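**Student:** Kindly return the folded structure for what I paste below:
(chains A and B)
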Amino acid sequence: MNRILKSRAFKTSVIAAAVIGVVGVAQARDQIRIVGSSTVYPFASYVTEEFGAVTEYPTPVIESTGSGGGIRLFCNGVGEGTPDISNASRRIKVSELERCLENGVDDVTEVKIGSDGIVFAQSSTNEAIELTLEQLFLAVAAQVPVDGELVDNPYTNWSEIDSALPDRDISIYGPPSTSGTRDAFEELVMETASDEFDVYGGEGYTDVRSDGVYIDAGENDNLIVQRLSEDTGAFGIFGYSFLAENPDALIGTAINGVEAEPETISSGDYPVARSMFFYVKNQHAEDVPPLYDYVDMFVSETMIGEGGYLGDLGLIPLPEAEREQTRQKVADRAQLQVSDLN
Amino acid sequence: MSHSFDEISAQLRGRHRKSARLKWISMGALGLAGLFLVLFFADMLNKGLPAFQQAYVQVELEYNEDAASMGRAAMDPEVSRVVSRSFERLIPGMIRDNPDLLGTTEQRWVLTNGDVDQYLKGHRSKLSEAEREVVDELVDSGQVALKFNTTFFSRGDSKMAENAGIMAAAVGTVMTMLVTLAIAFPIGVMTAVYLEEFAPDNRLTQIIEININNLAAIPSILFGLLGLAIFINFFGVPRSSPLVGGMTLALMTLPVIIIATRTALRSVPDSIRHAAFGVGCSRWQVVRDHVLPLAMPGIMTGSIIGLAQAMGETAPLIIVGMVAFIPDVGASFTQAATVLPAQVFTWAGEPERAFVEKTAGGILVLLSILIFLNASAVILRKKFERRW
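**Tutor:** Okay, here's the model as predicted:
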């Protein structure tokens, strides 16, 4: 009795495993698979939707995994089960590209699609203020220099940082450390500003204070926007599109004297701006026929150009010459080399 | 008898006071919970009901040569400014698929763009003064109106708020739940039958029992990690598919079904088993013909509750890639899909204000389904339950 049961259980498991195995068998596909940055996600999903609606191909599948997570999946190898495109809100790192090459992903085209600014905004019931990068850094860093010594951040009021700033408690809602916006903020604000102070020894200092002044507000930028309209004394850190969507509720802060506006972000004058990219696996171009149709649609003027559809969603277009360059790279299927990244 | 009558009645009064106090405290707790529920529903209804209406505009479509390449050309330029791009971009395809259309005209109600919709609903919109006047005129002439939002119930996700719907997510939920049920129900019931009716009571079965109870309390995200490691990475089940989502949720639902089934089996009195054995039934016949049918209502109730729990789950599905952007409504077990709570999650993160009502609308739909499921579990139990 026991033996039969055992052998039956065994057979059942074998059949179950076989059924599951069959499902996973590779198939040539019409459906593009995209992974990557949550910042690029809204733009990319707009293009995928358009692509599904106006071509006979199915809508590409797009997953928001974060830039780093996306590139890791992308570089896992070539073939079924690996994504065709990875979106990134920063450039691929040398170490990541090297891992790609090790795994046989050696024909990658880099496509730059536009820029995005990170804003430091507050409720529109307040007066707008101006900050320098250093002042912003002093408000959020865990340790700051006082009389040439690094001490735990003592500032709790803006006027303590600079007497010209308003007499208001410092309170900042920002993205958590898992977020791409946080990565960019650390790089563009904290690393840059900490270079100005000798005490950090020239190594980018990116520790954010954890004494309750900087509040992790979760990945959902909408929550930060909502909190700012209730907590009118606070500031929030998020992507430019959320400021653009809520002009009645929020006002931005000029950084180093430059307001966050499409023109200043695109030209790079606004100091807290970053470029957005996606990476195409050319080795998949044959097995996934619609791949370059999608890429062509993405880089077309109606999408990423001035007044293009992605502009309505908050993408800041590249200058015209750079857009041309992007399209040229796509047409050439330009192969990204490690040496390009430096 | 050392207590006087007065002492006893004083003691009695004290005891009555205590029990009255307990009653008030528990009623207060219930009232508070009820208040939160009412507030939550009121907020959701207030925010979500506008999602069931959408602004439509009546346009005269003139299928000409220009429209075959640029959809806008088929419409009056004044009116075309309020028409959603989600419709406009389909016109060239319509002409391509059906060349007979060329040269004909047609009256049709189509979606307006999201800003017009938000303007009509009295929300903030990005329309300029001039555009508002155009819209006001069209409203007066009856060419623009709020109508029941069929798009919301027939389309998938979209980046254009006016074109976004929950159908793709609803279909995804159904497919995922089918997989979950197909795996968790037979395995769960059979496990429970074995443990309850066949297994000897020894160390091994006790360990299994403890583990099953433990599994029911594990944070659901761990099942997602398990699903990723085993189903996707080892067996190669397609990522983001209802198949892998359903299998992952089945892991989560299994302990619930096992525990519910065991309770139901245990509530069948032993006299039934003894009587069946007495007339010469084998163990298998006793279970199949007597115990299982009597326990079925309890098993069904437990399974429905387990399923409802799985239906509201998002965390494990994020890990297996089911929180994806799915504009096409398609019923396939191996293609990428999303589910209702994941859809709500996605919409909640959209910067556009018009998605606030979509989010609340999605929550209302999800809640109605859950209430329906839980109510049917209660009704099943009330209708078929037998007391011994």
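
**Student:** Make sure B:Gln58 is indeed in a strand.
**Tutor:** Yes: with DSSP: H, G, I helix; E, B strand; the rest coil as the criterion, B:Gln58 is part of a strand.

**Student:** Quick one, grab the pLDDT at it.
**Tutor:** In this model, B:Gln58 is scored at 90, pLDDT.

**Student:** Pretty sure it sits against B:Trp109.
**Tutor:** Yes: under the criterion of C-beta atoms under 8 Å, B:Gln58 makes contact with B:Trp109 at 5.3 Å. In short, each C-beta sits where N, CA and C put it, glycine included.

**Student:** can you give me the helices for the stretch 51-200 of chain A?
**Tutor:** Listed in chain order, the helices found in the stretch 51-200 of chain A under DSSP state H, counting those that start in this stretch are A:67-74, A:94-102, A:133-140, A:158-161, A:180-185, A:192-194.

**Student:** which secondary structure elements does the fifth one contact?
**Tutor:** Using 3 or more C-beta pairs under 8 Å, 6 or more residues apart in numbering or on different chains; DSSP states H and E as the contact test, the elements touching helix A:180-185 are strand A:108-123, strand A:235-239.

**Student:** Could you identify which of those is most buried?
**Tutor:** Of the helices and strands packed on helix A:180-185, the one with the most neighbours on average (mean count of other C-beta atoms under 10 Å in any protein chain shown) is strand A:235-239, at a mean of 26.

**Student:** What average pLDDT does stretch B:11-29 get?
**Tutor:** 94.

**Student:** starting at the chain centroid, how far to it?
**Tutor:** Distance of stretch B:11-29 from its chain centroid, counting by C-alpha atoms, centre = their mean, to the nearest Å, is 41 Å.

**Student:** how near is B:Gln343 to chain A?
**Tutor:** 13 Å (C-beta to the nearest C-beta, to the nearest Å).

**Student:** doesn't B:Met167 make contact with that residue?
**Tutor:** No: applying C-beta under 8 Å as the test, B:Gln343 and B:Met167 come out as separate, 10.0 Å apart.

**Student:** In terms of neighbours, single out the busier of the two.
**Tutor:** B:Gln343 (30 against 17; other C-beta atoms under 10 Å in any protein chain shown).

**Student:** what's the helix or strand for that one?
**Tutor:** B:Gln343 is part of helix B:340-348 when elements are defined by DSSP states H and E.

**Student:** That helix: which residues count as buried?
**Tutor:** For helix B:340-348, the neighbour count (16 or more other C-beta atoms under 10 Å in any protein chain shown) marks B:Leu340, B:Pro341, B:Ala342, B:Gln343, B:Val344, B:Phe345, B:Thr346, B:Trp347, B:Ala348 as buried.

**Student:** Quick check: nearest residue in space to the fourth one, chain neighbours excluded?
**Tutor:** Leaving aside its sequence neighbours, B:Gln343 sits nearest to B:Ala169 (C-beta to C-beta, 6 or more residues apart in numbering or on different chains; 3.7 Å).

**Student:** ditto for the last one
**Tutor:** In space, not counting the residues next to it along the chain, B:Ala348 is nearest to B:Thr359; the distance is 4.9 Å by C-beta to C-beta, 6+ apart.

**Student:** Is the residue nearest to A:Gly69 when sequence neighbours are not counted in a helix, a strand, or coil?
**Tutor:** Once flanking residues are discounted, A:Gly69 sits nearest to A:Val35: 7.3 Å by C-beta to C-beta, 6+ apart. Three-state call for A:Val35 (three-state DSSP): strand.

**Student:** Confirm B:Glu106 sits in a helix?
**Tutor:** No: using three-state DSSP, the assignment for B:Glu106 is strand, not a helix.

**Student:** surely it meets B:Ala74?
**Tutor:** No: using C-beta under 8 Å, B:Glu106 is not in contact with B:Ala74; the gap is 9.2 Å.

**Student:** shared neighbours of these two, anything?
**Tutor:** Counting by C-beta atoms under 8 Å, 6 or more residues apart in numbering or on different chains, the residues touching both B:Glu106 and B:Ala74 are B:Leu61, B:Tyr63.

**Student:** Those two: which is more packed in?
**Tutor:** The neighbour count for B:Glu106 versus B:Ala74, taken as other C-beta under 10 Å, is higher for B:Ala74 (25 against 11).

**Student:** what's the domain layout of chain B?
**Tutor:** Taking automatic domain parsing as the reference, chain B has its domains at B:5-49, B:52-160, B:167-384.

**Student:** for these, which one ends up most surrounded?
**Tutor:** The most buried stretch of those, if neighbours are counted by mean count of other C-beta under 10 Å, is domain B:167-384, with a mean of 19.

**Student:** what helix or strand is the residue of chain B found nearest chain A on?
**Tutor:** Closest to chain A within chain B is B:Gly236: 3.0 Å, counting by C-beta to the nearest C-beta. Using DSSP H and E, B:Gly236 maps to neither a helix nor a strand.

**Student:** Quick check: it vs B:Val320, distance?
**Tutor:** For B:Gly236, the distance to B:Val320 equals 13 Å [C-beta to C-beta, to the nearest Å].

**Student:** next one: B:Val356
**Tutor:** 28 Å.

**Student:** Kindly report which one of the domains of chain B carries the lowest mean pLDDT.
**Tutor:** Taking the mean pLDDT of the domains of chain B, domain B:52-160 comes last: a mean of 87.

**Student:** quick revisit: for chain B, find the nearest of the helices and strands packed on helix A:180-185.
**Tutor:** Evaluated over the helices and strands packed on helix A:180-185, closeness to chain B peaks at strand A:235-239, with 7.8 Å, by C-beta to the nearest C-beta.

**Student:** Strand partners (parallel or antiparallel) of that closest one?
**Tutor:** Strand A:235-239 pairs in its sheet with strand A:108-123 (antiparallel), strand A:172-174 (parallel), by DSSP bridges.
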